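Trainee: any chance you can model this:
(one chain, ligands or ions: 1)
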Amino acid sequence: MSGRLMVIGLGPGDDRTLTREAHDGLLAADALYGYGPYLDRVPVRSGQARHPSDNREEGARAEAALRHAFEGAKVAIVSGGDPGVFAMAASVCEAIETGPDAWRGLDIAIIPGITAMLAVASRAGAPLGHDFCALSLSDNLKPWELIERRLDAAAGAGFVIALYNPVSRARPWQLAKAFTLLGRHLPGATPVIFGRAVGRVDESVTIATLAAAGEIAADMATLIIVGSRETRLIARPGQSPLVYTPRAVESVSA
Ligand code: SAH
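Mentor: Alright, predicted model coming up:
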């Protein structure tokens, strides 16, 4: 019997943003692995085993799922958003690279999902309409010094910047430091979008300026998009403004 490991993106919120491919993969799986709260978003199907694990156990989770698939089962590992963006697909690749040679023969499918950055952007307008980059602000897996260097380079090069993992209880000061650093490259009026729990019942979106960004609450369920010098805001009567980054840049200095 040949096993299969599917790494499935659940999208940002409820099942309206789940792709058909992800839905079919979840139905086909004999066993599901993932961070508990993500697994809770998958409807229960009888006969399907569930293996929830903690957020920080990605390596062990990937190995357990690979072993299970190698025994012949159809196994799914789930991630919120897209599994390739700061999530399980890279952990699975790493486990395959360092694991037994036989795992390289396994059937692996990475099934994409809508990542948080795209979901938040869609709520505000088109902030990612021109060149952009994405950074995780978490210094669990890399030194803070490197994060500072990348923020500097990204803002200096004129990218719109999506910030994943902006704050956690263990990382209370990093976000304010990041805004200060970005303020050295960007005007205080630069639009900043805070999207929290987008796609879920408790969704909230706040549009601020870089100068006032430090006053807006953010947590682990928040994704932040910091505009570039070109990003602008269109005020609208009775509705929240549209934030967009034009498709064209006129001069190199921008
Ligand atoms: N694989 C995920 C990202 C994992 S990192 C994806 O593609 O979206 C976790 C970070 O993603 C969170 O700290 C937050 O910054 C962001 N995030 C995930 N879901 C979100 C949502 N529904 N709304 C806003 N941000 C979200």
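
Trainee: which residue does this protein bring closest to the ligand?
Mentor: Gly81 (2.1 Å; CB to the nearest ligand atom). No exception for glycine: its C-beta is placed from N, CA and C like everyone else's.

Trainee: tell me which element Leu223 is part of?
Mentor: Secondary structure assignment for Leu223, by DSSP states H and E: strand 222-226.

Trainee: partner strands of that strand, parallel or antiparallel?
Mentor: When sheet partners are counted by DSSP bridges, strand 222-226 sits next to strand 160-164 (antiparallel), strand 191-196 (antiparallel).

Trainee: buried ones in the last one, by neighbour count?
Mentor: Judged by neighbour count using 16 or more other CB atoms under 10 Å, the buried positions of strand 191-196 are 191-196.

Trainee: near the ligand at all, it?
Mentor: Yes - Strand 191-196 is in contact with the ligand by CB under 6 Å from any ligand atom, via 195-196.

Trainee: for the record, mean pLDDT for that strand?
Mentor: This predicted structure assigns strand 191-196 an average pLDDT of 98.

Trainee: now the element after that strand, going C-ward?
Mentor: Once strand 191-196 ends, the next helix or strand along the chain (criterion: DSSP H and E) is strand 204-209.

Trainee: just the shortest one next, same as before
Mentor: With elements assigned by DSSP H and E, the helix or strand that comes after strand 160-164 is helix 174-183.

Trainee: show me what from the stretch 151-254 of the chain comes close to the ligand.
Mentor: Near the ligand, the residues belonging to the stretch 151-254 of the chain are 164-166, 195-200, 220-223 when assessed by CB under 6 Å from any ligand atom.

Trainee: much appreciated, bye for now.
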